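Chemist: I need the structure of the sequence given here:
(one chain, ligands or ions: 1)
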Amino acid sequence: MSILLLGGSPAAVSSTGRLLDHVAEKLAERLGDIRPGHRYTKVQVRELPAHALLQAETSDLAIKRAIAAVADADAVIIATPVYKASYTGLLKAFLDLLPQDGLAGKLVLPLATGGSQSHMLALDYALRPVLHALDARHVLAGIYATSSQLVWNEGSGLAVDQAIAWRVQAGVEGLAAALHGHKSWLEQLAQASFVAPVAPIRLAR
Ligand SMILES: Cc1cc2nc3c(=O)[nH]c(=O)nc-3n(C[C@H](O)[C@H](O)[C@H](O)COP(=O)(O)O)c2cc1C
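Modeler: So this is what the prediction gives:
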């Protein structure tokens, strides 16, 4: 199985990029437990040639390779910072180069970082419709983190707060389950709480 990490931040030092790497590491750990041998590819849109990107030169080699990486992926983890209450124009410039059914048959896990909680729905109202328009098979619930929930340390790397850790775990479980068609622990948990034993009812005479 092939997993593409698609980064849509223009920043070289990027909270979004760090969250993307963090989720990919957690997924690799989880999938390694299930079945090793997955292939990971990363496309940072900011590293594509700007002229070719903006002029939609799909014959450019780097652009061609990036589009091919999307076509080749079984799952795409797509990450963007929130810019002006939406995803970045940089990411849109790349998504616009994909064929209309460019995400057909693919699982997608969207991630976003923002300056505050104000735009935490941006993934749902802005990015999700575009992913569906590209015919994604299944778009999992997104993970949104504010900059203050992601603490970077040069020595130890990224520390995420508890709420984000939980969402990352749920996202990774959901993606692993969808990739391998097994029941996620979230589903098992939901089922377990629904089938809790019920005391027999005694009917009064
Ligand atoms: C041009 C620009 C626009 C932004 N607009 C928003 C916004 O509308 N809502 C928000 O919550 N944060 C906004 N932010 C803050 C970024 O989303 C936030 O700092 C994000 O974590 C940056 O990710 P990065 O480190 O990958 O660049 C904006 C930042 C920039 C540079």
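Chemist: Write out the residues of the protein neighbouring the ligand.
Modeler: 9, 11, 14-17, 81-85, 113-116, 118-119, 147 (CB under 6 Å from any ligand atom). (C-beta placed from N, C-alpha, C; glycine too.)
Chemist: among the residues you listed, which ones are buried?
Modeler: By neighbour count, with 16 or more other CB atoms under 10 Å, the residues of the chain next to the ligand hold 9, 14-17, 81-83, 113-114, 119 as buried.
Chemist: Restricted to helices, list those residues.
Modeler: If you go by DSSP state H, those have 15-17 in helices.
Chemist: Q169: which of the buried ones among the residues of the chain next to the ligand is nearest?
Modeler: T113 (17.7 Å; CB to CB).
Chemist: my read: the closest one touches G142, true?
Modeler: No: T113 sits out of contact with G142 when judged by CB atoms under 8 Å, with a separation of 11.3 Å.
Chemist: looking at the chain, which helix or strand is least sure?
Modeler: Ranked by mean pLDDT, DSSP states H and E, the weakest helix or strand in the chain is helix 185-194, scoring a mean of 62.
Chemist: what about I78, neighbour count?
Modeler: 29 (other CB atoms under 10 Å).
Chemist: Could you find the closest non-adjacent residue to it?
Modeler: Distance criterion CB to CB, 6 or more residues apart in numbering; nearest residue to I78, sequence neighbours excluded, is L6 at 4.5 Å.
Chemist: Contacts only, for that neighbour.
Modeler: 42-43, 45, 70, 76-79, 91, 94 (CB atoms under 8 Å, 6 or more residues apart in numbering).
Chemist: so can I have JSON lines of those showing distance to S156?
Modeler: Supplementary listing: the contacts of L6 in JSON lines, determined by distance: CB to CB, whole Å:
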{"residue": "K42", "distance to S156": "22"}
{"residue": "V43", "distance to S156": "27"}
{"residue": "V45", "distance to S156": "28"}
{"residue": "V70", "distance to S156": "33"}
{"residue": "V76", "distance to S156": "28"}
{"residue": "I77", "distance to S156": "22"}
{"residue": "I78", "distance to S156": "26"}
{"residue": "A79", "distance to S156": "21"}
{"residue": "L91", "distance to S156": "29"}
{"residue": "F94", "distance to S156": "32"}
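Chemist: among those residues, which are in strands?
Modeler: 42-43, 76-79 (DSSP state E).
Chemist: Contacts only, for the residue lying closest to A69 once chain neighbours are set aside.
Modeler: Nearest residue to A69, sequence neighbours excluded (CB to CB, 6+ apart): T41, at 5.0 Å. T41 makes contacts with 2-5, 69, 72-73, as judged by CB under 8 Å, 6+ apart.
Chemist: for R30, same thing?
Modeler: Here R30 is in contact with 172-173, 176 (CB under 8 Å, 6+ apart).
Chemist: Could you give the number of residues near A163?
Modeler: Residues near A163, counting by other CB under 10 Å: 10.
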